[in-house]
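A.B. asks: the following block contains a protein sequence and its predicted model.
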Amino acid sequence: MILVIQVFLAFVRIGFMVFGGAYAAIPIVEHEVVVSQGWMSYAEFMDLLALDEITPGPILINSATFVGMRVAGIPGAIAATLGCIAAPVIVALVLLYIFRRYKNTPLVQSIMTSLKCMAVALIASTMIKLGVAAIAPEAPTIELLYSVYVCAVIALAFYLMHVKKLGPLPVMLGCGLLNLLVSGFIL
């Protein structure tokens, strides 16, 4: 029961610190789960992010549920999920009231500018970290050819989603199928 409470409180802390959306939250979740609590390794956390991406629903809630389940079973999954959403709901309601009432004041405008910059920095940090992990994982034995292949798949996915305007699901499925085909030849 103590572990379930720890999971709940960890995700309440995460919920209070998350600004800028799910991708901006990834470094915060990583710090809490990998560094502070030691509930999983960095490699396990990267696997968790991959699962978060392919399962339906918000990434942060998926992360909370998966971590809670791994750490304390079904009660942990429920506690982590509730902890993850409790703080943002309360904070959002309070901030919505304040923003609607004072949105045209210089102080609120300044705060909004700062929050936007912080969100962009967190998202950029996550993108760089995930890109490096995909190209050169912790094990330094990755072949150069495979690194080039990974970069090409990342570029292809970006092209298909942003130039050809394909949705993320067909791109993920296509990249997964491509990887299954190629992995038999490269690995």
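C.D. replies: Cool, got the structure. Treat the numbers as computed from the prediction; the structure is a model and nothing was measured.
A.B. asks: pLDDT (mean, whole number) over the longest helix seen in the chain?
C.D. replies: Ranked by residue count and defined by DSSP state H, the top helix of the chain is helix 59-102. Here helix 59-102 scores 91 as its mean pLDDT.
A.B. asks: buried stuff in stretch 61-78?
C.D. replies: Across stretch 61-78, burial judged by 16 or more other Cβ atoms under 10 Å covers 61-72, 75-78. All C-beta spots, glycine's among them, are computed from the backbone N, C-alpha and C.
A.B. asks: please identify which helix or strand holds the residue positioned nearest the centre of the chain.
C.D. replies: Geometric centre of the chain, nearest residue: Ile26, 3.7 Å, by Cα atoms, centre = their mean. Secondary structure from DSSP states H and E places Ile26 in helix 22-30.
A.B. asks: list the helices and strands the longest helix of the chain packs on?
C.D. replies: helix 2-17, helix 22-30, helix 42-54, helix 106-135 (3 or more Cβ pairs under 8 Å, 6 or more residues apart in numbering; DSSP states H and E).
A.B. asks: now that helix against helix 22-30, angle please.
C.D. replies: 120 degrees (axes from the mean of the first three to the mean of the last three Cα atoms, to 10 degrees).
A.B. asks: what's the angle from helix 59-102 to helix 2-17?
C.D. replies: 40 degrees.
A.B. asks: give me the distance from helix 59-102 to the chain's centre.
C.D. replies: On the basis of Cα atoms, centre = their mean, to the nearest Å, helix 59-102 sits 14 Å off its chain's mean C-alpha point.
A.B. asks: please begin residue numbering at 18 from this point
C.D. replies: In the new numbering, first residue 18, that becomes helix 76-119.
A.B. asks: before I go, just wanted to say thanks for your time.
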